[in-house]
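Visitor: sequence-free structure coming up:
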């Protein structure tokens, strides 16, 4: 693909739940190698947008292009195989399984399907990926612990690691720092910066400082619509955004 | 309404129960080794004292253990409650019977045909059932077995309600030597070897990527598609392999008892398999084997006093569901961990 | 022309009537099933055995001289404490667990096995045929309708109406619907949720027992009688949509009419496959049932 094609392009995407239009003619694009953040008050439709892009929900109208190819209404498992992966706002791990098992499950997509019936341990590719992630996400000491027994911060880290394990080209991170302490949030920001070396990232985040620090581009959503889009400083200075979001909602949320 | 799991579902991370054996990627085969050793000792003693009755009974326990293992693969590993697994057991037994009686008295041909029938029937059953979840899946499997058993019951050409009797005794050719199905000890050892083969085969499957996805489906189905796996494929695989296991076990039945009847497909056979798995230990693979032995023993012991062993077994079963969700094997693991004085 | 009229009068009408009796039987059993599932999310695998329990209690009490008409009231009432006990002793114990659908299904399945064997232990495996409390028949437009079957239809209709009123028009029904809609919210509004659960389970079980008393003279009493209508009842609940009173009535009538009319043209052996086919088809096309919805939406 040509370098100018955005890694993700969303065109006029809409979905309604009964009378409620959760995402309303939303359009934006995310550039390759960038961290694009989607911000907005609670209920702005950010997570719904992620659900539409990742195949969890089907849009009513509009289109999603991944690396130039139409992926509207594609199944989530196919999207993962094509290189689009996501994490969840509410930790969504295999609580009964050990940390390495969570990672192995996610990493074994890297292996050829012909090896589906050979022992997992025979796959060097999977094994190496798991070891690499355990180390990078500082989970060495907890590697054999069940995911459900990890601390909240560790679970959030594992959540990202699982989403990253299959080497996606585009990673959707849904509030990775949700519920984290300030210190953990800073560590996570650093992790995300590292992850951005290997995958383009779209980030939903509530922590405005984090967003301003990390993002190459920011999309502001409000009531299902795009309010503004641009580099962080520009968006911060935008009077409409100020009024609708920074002005009132930030206080309400903190 | 209920079982329509939304794709994106928040799973609150409640503290999970003890790590089941299958959840652990590697688990010790100690219980299997102990079982084999005990079975060999039992054979030795039985041959020494000239017993045939208990050898026959134990063979039957092992055959039903095969059926229970197939329920374990569905329920304990993948999280699908089948209430009609006897259907495939029965189909396997009829396939093997018809081959032995009318085609050729060859053990291997009978087993191969039973497996083929199990695969085809399993694929059809899977198409009909795997779209449904939880209770609905259970009801479809229940209905399938009910319907097919009625059809068999009413089909004169395969014996109808009487079933088929007069299945010949055969010699099983194992290249180096032959085993006569009429020999209590010989056939017991053969069935033991086959059932343990099924166990190790399943244990192997659960260490492959495909097998791990089955475990993942039970643990947190909602996340599985977002790791790149289609749930339908996983459920299909589990269903067909389980049908094969049941058909395989069923194929051995007529060689032991010399007859088959539609009752082999009835609900109580399916139900007994579920009871066996829960009592033995869900998701442990070896639990169904121990469970089957325990239940057969209980039936035979209680049976000497009263015909009403289902009351005792049913009560035991409910107790297990409420208080020992990991069954016998869970209790063994807990004891072992406690003796080591450390982590499970 | 005359042949067609004869066909309708002597073939179709009796068959429809016959199907209607079975339909009422199925609905009476399925009503409790659907209510329990709609509220508690418990699929009561022992429901058929509670139906049998009602029949056996009826037989026993009738043997002690209790009149049939009193039994219709007494047996369901006797089942209420039994239902509460089962709910408290079994269902509530696993209700907080993650896999509670599966666990309650397993528990009630275990209970079914125990109950069936208890019947065998007490009454033996023999078929008991209670006397029909109403003999004779009614001639109507040249067709003969046995009085008891007509009575059964009337009582069935009354029971259905009564259940609908209880669910939709009483304060108990309102609490049940509130608890089914949102357990937490109902609790915070002062609904005694646990008691409502027990009461609902008992109510459903009592309905099954009423069906047992009513149907015993027609279909006899034996240990495995609970299994007889259960596939039809399960399917009626699925087709109707779990938790819907209207759905289960329509579903029950639809299924039994299809089965009954089909038996005119194909061997009755195909009755079960037809029912099963409908079950699979409905689950394929509309997993929430044709008339589906939460409890009280119908």
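Guide: Looks like it arrived, so ask away. From a predicted model like this one, the values you see are computed outputs, not experimental measurements.
Visitor: alpha carbons only for contacts and neighbour counts from here, please
Guide: OK.
Visitor: Please report the distance of residue A:143 from residue B:114.
Guide: From residue A:143 across to residue B:114, the span is 43 Å (CA to CA, to the nearest Å).
Visitor: which of the two has more neighbours?
Guide: Using other CA atoms under 10 Å in any protein chain shown, the more surrounded residue of residue A:143 and residue B:114 is residue B:114, with 33 against 19.
Visitor: Pop out the phi and psi values for the residue nearest to that one when sequence neighbours are not counted.
Guide: Among residues not flanking residue B:114 along the chain, residue B:92 sits closest, at 4.6 Å (CA to CA, 6 or more residues apart in numbering or on different chains). Main-chain torsions, residue B:92, degrees, to the nearest 10: phi -60, psi -40.
Visitor: you'd agree residue B:92 is up against residue B:119?
Guide: No - Residue B:92 is beyond contact range of residue B:119, at 10.1 Å (criterion: CA atoms under 8 Å).
Visitor: With neighbour numbers in mind, choose between the two.
Guide: Between residue B:92 and residue B:119, counted using other CA under 10 Å, the more crowded position is residue B:92 (34 against 21).
Visitor: what residues are up against that one?
Guide: By CA atoms under 8 Å, 6 or more residues apart in numbering or on different chains, the contact list for residue B:92 reads B:114, B:115, B:117, B:118, B:246, B:247, B:248, B:249, B:250, B:251.
Visitor: what about it, distance to chain A?
Guide: Residue B:92 is 25 Å from chain A, where distance means CA to the nearest CA, to the nearest Å.
Visitor: And residue C:75, by the same measure?
Guide: Applying CA to the nearest CA, the value for residue C:75 to chain A is 46 Å.
Visitor: Look at that residue and tell me its secondary structure.
Guide: helix (DSSP: H, G, I helix; E, B strand; the rest coil).
Visitor: can you tell me which two in the contacts of residue B:92 are farthest apart?
Guide: Greatest spatial distance among these (CA to CA): B:117 and B:249, at 12.7 Å.
Visitor: neighbours of residue 183, just the number please.
Guide: With no chain named, the answer covers chain A. By other CA under 10 Å, the residues close to residue A:183 number 9.
Visitor: Sorry, I should have been clearer: chain C.
Guide: Residue C:183: 18 surrounding residues under other CA under 10 Å.
Visitor: Would you check how far apart it and residue C:129 are?
Guide: Residue C:183 sits 44 Å away from residue C:129, taking CA to CA as the criterion.
Visitor: Kindly report the same for residue A:200.
Guide: Using CA to CA, one gets 76 Å for the distance from residue A:200 to residue C:129.
Visitor: more neighbours, these two?
Guide: Shown here are residue A:200 and residue C:129; by other CA under 10 Å, residue A:200 has more neighbours (23 against 14).
Visitor: Is the more buried one in contact with residue A:173, as I believe?
Guide: No - counting by CA under 8 Å, residue A:200 stays clear of residue A:173, with 10.6 Å between them.
Visitor: Could you find the closest non-adjacent residue to residue C:130?
Guide: Excluding the flanking residues, the one nearest residue C:130 by CA to CA, 6+ apart is residue C:217, at 5.1 Å.
Visitor: So which bits of the host helix or strand of that neighbour are buried?
Guide: For residue C:217, the host element (DSSP states H and E) is helix C:193-219. By 16 or more other CA atoms under 10 Å in any protein chain shown, the buried positions in helix C:193-219 come out as C:193, C:196-219.
Visitor: Do you know the pLDDT at the residue in chain C that chain A sits nearest to?
Guide: As assessed by CA to the nearest CA, chain A sits closest to residue C:98 within chain C, at 12.3 Å. Note for residue C:98: predicted pLDDT of 76.
Visitor: Quick one: classify it as helix, strand or coil.
Guide: Here residue C:98 is coil, with the state taken from three-state DSSP.
Visitor: can you pull the contacts of it?
Guide: Residue C:98 makes no contacts at all, as judged by CA under 8 Å, 6+ apart.
Visitor: What ranges does the stretch 51-200 of chain A have for its strands?
Guide: A:61-66, A:69-70, A:84-86, A:170-174, A:200-204 (DSSP state E, counting those that start in this stretch).
Visitor: who are the neighbours in contact with residue B:327?
Guide: Residue B:327 touches B:278, B:279, B:280, B:281, B:282, B:287, B:320, counting by CA under 8 Å, 6+ apart.
Visitor: Thought residue B:279 was touching residue B:76, still the case?
Guide: No - contact criterion CA under 8 Å: residue B:76 and residue B:279 do not qualify, at 11.9 Å.
Visitor: Excluding covalently adjacent residues, which one is nearest to residue C:198?
Guide: Leaving out its chain neighbours, the residue that sits closest to residue C:198 by CA to CA, 6+ apart is residue C:84, at 5.1 Å.
Visitor: tell me which element the one you found falls in.
Guide: Using DSSP H and E, residue C:84 sits in helix C:68-86.
Visitor: Check which element follows that helix along the chain.
Guide: Following helix C:68-86 in sequence order, the next helix or strand is helix C:92-94 (DSSP H and E).
Visitor: so what does that following helix touch, helix or strand wise?
Guide: helix C:100-123 (3 or more CA pairs under 8 Å, 6 or more residues apart in numbering or on different chains; DSSP states H and E).
Visitor: Could you list the residues in contact with the next helix or strand after the helix it packs on?
Guide: For helix C:100-123, the succeeding helix or strand toward the C-terminus, using DSSP H and E, is strand C:137-140. Contact partners of strand C:137-140, identified using CA under 8 Å, 6+ apart, comprise C:144, C:145, C:146, C:147, C:148.
Visitor: count of neighbours near the spatially closest residue to the third one that is not a sequence neighbour?
Guide: Going back to what we said before, that points to residue C:146. Spatial nearest neighbour of residue C:146, excluding adjacent residues (CA to CA, 6+ apart): residue C:137 at 3.9 Å. Neighbourhood size, residue C:137 [other CA under 10 Å]: 14.
Visitor: just the one 10 residues further on next, same as before
Guide: Neighbour count for residue C:147, taken as other CA under 10 Å: 17.
Visitor: tell me the strands in chain B, going along the chain?
Guide: With DSSP state E, the ranges of strands along chain B come out as B:164-165, B:171-173, B:178-180, B:259-260.
Visitor: strands paired with the second one, and their directions?
Guide: Note on strand B:171-173: by DSSP bridges, its sheet partners are strand B:178-180 (antiparallel).
Visitor: Contacts for the partner strand next, please.
Guide: If you take CA under 8 Å, 6+ apart as the criterion, strand B:178-180 is touched by B:169, B:170, B:171, B:172, B:173, B:186, B:187, B:190.
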